[in-house]
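Trainee: coords please:
(chains A and B)
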Amino acid sequence: MAVRLDYVLKETGSNLVRNLTLTLASLLTVAIALAFVAVSYLIGTGINQSFLGLRSDVQMFVYMNPSATEEQVESVRNELEGNPQVGEVDFLNKEATYAEFQRLFEDQPDFVQAIKPEELPQSFRVKPTSTDADVVSAVGAEFETMTGVLRVVYAEEYARQVQRSLTTLNSWVRIFGIALIFVSVLLIFNTIRTAVFARRREIEVMRLVGASNWFIRLPFMTEGMVQGMLGAFAAAGLTWGFDALWKRNFVNQVSFELLNQIKWTSGDLWTAVLMILAVGAITGAIGSGIAVGRYLKV
Amino acid sequence: MIKLENVSKIYKGEHMALRDASVEIEKGEFVFLVGPSGSGKSTFLRLLNREETPEKGKIYVAGKDISELPGYKVPYLRRNIGSVFQDFKLLPNKTVSENVAFALEAIGRPRSVIREAVPQILELVGLGRKGQSMPDELSGGEQQRVSIARAFVNRPLILLADEPTGNLDPATSVGIMKLLDRINRTGTTVVMATHDRGIVDTMRRRVIELDRGRIVRDQARGVYE
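Mentor: The predicted structure is shown next:
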């Protein structure tokens, strides 16, 4: 049996209007929850991107023995350039090495003082292709054993710390986002259950006169979908507002040391909006389908 | 039209609402179900439109064994069975016309059919001018007429009525019974559960008496007791 489209649309529309207060209340709660989902997604993305900048700073220095021969230096250079884990290689002579050395270890003055510029070896400044701390230290260990190499220095702790805090932050944002999606689903589901309960008489009559289960269910499902999407649209508006506010107040503002690093593209904004639209529509439709199911048991 | 073979219905594993009931009702019959409260009259009716399924026995409606009917086919069974209740079960936020039309919309009838059938059936039940009224603007008798119109608008083979006059005064009840009688004369099988002695004794139709789930009497042109 074909379900008439005009019937479904008429029922959906009149039910949304009839339960206006309930519709509005649920719309608002859903909108706020979904807006939080979108905002947490944006902030998560922003954090991710700001750390990407930090991560690309990870460098490694291969110091040559001061007594190393030209051939040894050449062979290390060849090795470095042939290594797939190595991105860029710069050769630094003694003076350049000392300047770089001072900059890198300015927080360890004992170490810096212990070494005189003339004692300083020539070095290669190496940018590994991977920022993974394990990969960096593996590459370092490999070159440390080559003849003519004095030692390999890399900001291992720094790399590890960045990685650790990045992972932690990321998982927190993700957990928060998932919890919020869960909350929105429950909110939509609950509102629709109330609406269905208010109309159990109608469902009873429909069953009595021989309406098929899908015929009963469909208007409720479109109603739930419309409700979820309306909530998501409102949430999209809130998200846009948040986006504008954040961009005006924090991004590239010198006074906010850390927050100004957290930024996202308009593509990310679209992803967030489409995501909450999908969550709203799908949970609305499926939630009401389940909620009606309780009253369809023969 | 309707046939029960050794049907038993047990609620919650203890209370036996119907015990080993066997009965046959022909097409076009008018049958009263009588008996005290809790004797199984409502269960009898609920088994016929598959609101309940029996624990034992077989139930045939229009030649089909409905105790074996899969769930998705139940709506199609119900399109052949109209139901009328003591409390009318009208939708309070729809007009009289909309309440009747709802029954046709719910089974996907085209709008042209609905536009024609609704005024026609309202005329038949004597509510030709009340189409735009809301149910709460009508008397009890009129509300029951609306509910009968809704049950009959699809011209079902069978009409089940569970104490349709239970909330009505005797004079109004007579009107309702005349209407049911008229529907019965169109060839529709009517099964009606009732406590109304006066109605049963006046109409002199087949009477099936139930007592604690058993059929204790089945009498053509019978009386209440």
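
Trainee: drop to CA atoms for contacts and neighbour counts, all remaining ones
Mentor: Will do.

Trainee: wait, what's in contact with the closest residue to chain A within chain B?
Mentor: Closest contact between chain B and chain A, by Cα to the nearest Cα, is at B:Pro75 (4.0 Å). Residues in contact with B:Pro75 (Cα atoms under 8 Å, 6 or more residues apart in numbering or on different chains) are A:207, A:209-212.

Trainee: got it, and A:Val73?
Mentor: A:Val73 touches A:64, A:148, counting by Cα under 8 Å, 6+ apart.

Trainee: Helices of the chain, residue ranges please.
Mentor: Just going to use chain A. A:5-18, A:20-55, A:70-82, A:94-104, A:109-113, A:133-144, A:156-198, A:200-208, A:213-249, A:266-293 (DSSP state H).

Trainee: meant chain B, my bad for not saying
Mentor: Going by DSSP H, chain B shows helices at B:41-48, B:74-78, B:96-105, B:111-124, B:140-152, B:170-185, B:197-203.

Trainee: follow-up on the earlier one: of the contacts of B:Pro75, which are in range of chain B?
Mentor: Among the contacts of B:Pro75, proximity to chain B is found for A:207, A:209-212 (Cα under 8 Å from any Cα of the partner chain).

Trainee: in chain A, what residue is nearest chain B?
Mentor: A:Gly210 (4.0 Å).

Trainee: Do you know the pLDDT at that residue?
Mentor: Here the pLDDT value assigned to A:Gly210 is 90.

Trainee: And for the one 10 residues further on?
Mentor: Per-residue pLDDT puts A:Phe220 at 83.

Trainee: picking up where we left off before, what about the residue of chain A closest to chain B, neighbour count?
Mentor: The local packing of A:Gly210 (other Cα atoms under 10 Å in any protein chain shown) involves 24 other residues.

Trainee: Repeat that for B:Val74.
Mentor: Counted with other Cα under 10 Å, B:Val74 comes out at 21.

Trainee: Quick check, it in contact with A:Gly210.
Mentor: Yes. Counting by Cα atoms under 8 Å, B:Val74 touches A:Gly210, with 7.5 Å between them.

Trainee: is the most centrally placed residue in chain B in a bridge, and if so with what?
Mentor: Residue closest to the average C-alpha location in chain B (Cα atoms, centre = their mean): B:Leu160, at 1.5 Å. Beta-bridge partners of B:Leu160, counted by DSSP bridges, are B:Ser83, B:Val191.

Trainee: Could you measure from B:Ile66 over to A:Met229?
Mentor: 42 Å (Cα to Cα, to the nearest Å).

Trainee: These two: which is more packed in?
Mentor: Higher neighbour count among B:Ile66 and A:Met229: A:Met229, with 25 against 21, using other Cα under 10 Å.

Trainee: show me what contacts the more buried one?
Mentor: Remark: with contacts taken as Cα under 8 Å, 6+ apart, A:Met229 is in contact with A:277-278, A:280-281, A:284.

Trainee: Could you report the distance from B:Thr202 to B:Val174?
Mentor: 10 Å.

Trainee: Between these two, which has more neighbouring residues?
Mentor: More crowded of B:Thr202 and B:Val174, by other Cα under 10 Å: B:Val174, with 17 against 12.

Trainee: what bits of the chain have low per-residue confidence?
Mentor: Assuming you mean chain A. A:1-4, A:18-19, A:50-58, A:131-133, A:155-160, A:162-163, A:252-261, A:297-298 (pLDDT under 70).

Trainee: not what I meant, chain B
Mentor: B:13-14.

Trainee: which bits of the stretch 151-298 of chain A sit near chain B?
Mentor: So far as Cα under 8 Å from any Cα goes, the stretch 151-298 of chain A lies against chain B at A:201-202, A:205-213, A:215-216, A:298.

Trainee: which of these count as buried?
Mentor: Neighbour counting by 16 or more other Cα atoms under 10 Å in any protein chain shown classes A:201-202, A:205-213, A:215-216 among these as buried.

Trainee: Just give me the closest of the residues you listed to B:Asp20.
Mentor: A:Leu208 (26.3 Å; Cα to Cα).

Trainee: need the contact list for the closest one.
Mentor: B:78, B:82-83.

Trainee: how many other residues sit next to the nearest residue to A:Ile32 once chain neighbours are set aside?
Mentor: Once flanking residues are discounted, A:Ile32 sits nearest to A:Ala235: 6.2 Å by Cα to Cα, 6 or more residues apart in numbering or on different chains. Around A:Ala235 sit 29 other residues, with neighbours defined as other Cα under 10 Å.

Trainee: I'd say A:Ala235 and A:Leu34 touch.
Mentor: Yes. Checked against Cα under 8 Å, the pair A:Ala235 and A:Leu34 is within contact range at 5.7 Å.

Trainee: contacting residues around A:Gln122?
Mentor: A:63-66, A:91-94, A:97 are the contacts of A:Gln122 under Cα under 8 Å, 6+ apart.

Trainee: Once you drop chain neighbours, what's closest to A:Val135?
Mentor: A:Gln85 is the one closest to A:Val135 (Cα to Cα, 6+ apart), at 7.9 Å.

Trainee: Please report phi then psi for that neighbour.
Mentor: phi -80, psi -10 (degrees, to the nearest 10).

Trainee: Tell me who's in contact with it.
Mentor: Applying Cα under 8 Å, 6+ apart, the residues near A:Gln85 are A:128-130, A:135, A:139.

Trainee: Only the buried subset of the residues you listed, as a ChimeraX command please.
Mentor: For the buried members of the contacts of A:Gln85, the matching ChimeraX selection, counting by 16+ other Cα under 10 Å, is:
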select /A:128,129,130,139
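
Trainee: nearest to B:Ser97, of the contacts of A:Gln85?
Mentor: A:Ser130 (74.0 Å).

Trainee: And for the closest one, nearest residue in space, chain neighbours not counted?
Mentor: A:Ser130's closest residue in space is A:Gln85 (Cα to Cα, 6+ apart), at 6.7 Å.
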